[in-house]
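take a look and give me a structure for this.
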Amino acid sequence: MNSLLLLKLFLAPLFVGLVSVIQKRWGDRIGGRLIGLPLTTGPFIFIIYFQEGGSFAARASHGVLVGQVALIIFAWVYAFAALRTTWASALAFGTLACIASGSLLTLRQIPLMPLLMVLGLIWFFAKKYWPHYDDQPHSNEPPSWELPVRLIVTVLIILSLTGFANFLGPRAAGVLSTYPVITSVLGAFNQRRFGPNATVATLHGMLQTLPITTAIMSVLTVLL
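Model (predicted):
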């Protein structure tokens, strides 16, 4: 098992636990804003830089930007579906949208400037046409077993995606790498326990801070 996978297996559950605690105390939008920051992608690029060199890290930073387009589409589709259907159906719709957009975006290498234009337009569209929701504090406490289950599910999803990517080859790896593991776990559990508004608020918070990660990854793509 390589160091990048180990890092992912450590950071993703840790981040899911951290956001879950913050959401419980300060609300879903605050927790969601953490998801939009490069708290997981930053360490990945750091490790890749020392493991593979600057050129590889620059390409990885470019890949993060591609993944952000798929992430925004996932979040927007998921948010609309969450207000109209069950958590399982909303997750399925979001996943299909993410895989479809990820497949399209990884067909060929997209230069940085066109990619940033597409990313900016998608972000602006999602923010402008974000569904209305009621951002109220949770009225019920999650059971004690739910947080450990969230962490276990996060690890299982990462291992499954990695296994499928290794089996299907590099093309599938590129597509599957765009899948938002942390966002999907938090979204599904929040909707199941607290209702759709909790999920939509979390995703909206993520959308608001995502430009910070975009700016950082753009600089790294150019400088590394």
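
Ala79: neighbouring residues, count only.
Residues lying near Ala79 (other Cβ atoms under 10 Å) number 24. (C-beta placed from N, C-alpha, C; glycine too.)

ok, now which ones touch it?
Trp130, Pro131, Tyr133, Thr199, Val200, Leu203, His204 (Cβ atoms under 8 Å, 6 or more residues apart in numbering).

any idea which of those residues is closest to Leu105?
Using Cβ to Cβ, Leu203 comes nearest to Leu105 of those, at 19.8 Å.

run a quick neighbour tally on that closest one.
Around Leu203 sit 32 other residues, with neighbours defined as other Cβ under 10 Å.

now it, nearest residue through space, not along the chain?
Ala75 (4.3 Å; Cβ to Cβ, 6 or more residues apart in numbering).

which pLDDT value goes with the one you found?
We have a pLDDT of 94 for Ala75.

what about Ala90, helix or strand, and which?
Using DSSP states H and E, Ala90 maps to helix 87-105.

may I have that helix exported as CSV, CA atoms only?
Extracted C-alpha coordinates of helix 87-105, given in CSV (Å, rounded to 0.1, in the frame of the first residue of the first chain):
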residue,chain,number,x,y,z
TRP,A,87,-30.9,10.2,0.4
ALA,A,88,-30.2,7.0,-1.6
SER,A,89,-31.7,8.4,-4.8
ALA,A,90,-30.1,11.8,-4.3
LEU,A,91,-26.7,10.1,-3.8
ALA,A,92,-27.3,8.0,-6.9
PHE,A,93,-28.2,11.1,-9.0
GLY,A,94,-25.1,13.0,-7.7
THR,A,95,-22.8,10.0,-8.4
LEU,A,96,-24.1,9.6,-11.9
ALA,A,97,-23.6,13.3,-12.6
CYS,A,98,-20.1,13.1,-11.1
ILE,A,99,-19.0,10.1,-13.1
ALA,A,100,-20.5,11.5,-16.4
SER,A,101,-18.7,14.8,-16.0
GLY,A,102,-15.5,13.2,-14.8
SER,A,103,-15.5,10.9,-17.8
LEU,A,104,-16.0,13.8,-20.2
LEU,A,105,-13.3,16.0,-18.5
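
what's the following helix or strand after that helix?
For helix 87-105, the following helix or strand on the C-terminal side (DSSP H and E) is helix 112-128.

related to what we said a few turns ago, widest-spaced pair of the contacts of Ala79?
Trp130 and Thr199 (12.6 Å).

which of the two has more residues huddled nearby?
Set Trp130 next to Thr199 and count neighbours by other Cβ under 10 Å: Thr199 wins out with 32 against 17.

that one: which element?
Per DSSP H and E: helix 196-223 holds Thr199.

what's around Thr221, how many residues?
21.

please disregard the earlier target; I meant Leu37.
Neighbours of Leu37 (other Cβ under 10 Å): 16.

hang on, the earlier thing: name the helices or strands packed onto the helix holding Ala90?
Judged by 3 or more Cβ pairs under 8 Å, 6 or more residues apart in numbering; DSSP states H and E, the packing partners of helix 87-105 are helix 54-82, helix 170-176, helix 181-194, helix 196-223.

list the buried residues for it?
Trp87, Ala90, Leu91, Phe93, Gly94, Thr95, Ala97, Cys98, Ile99, Ser101, Gly102, Leu105 (16 or more other Cβ atoms under 10 Å).
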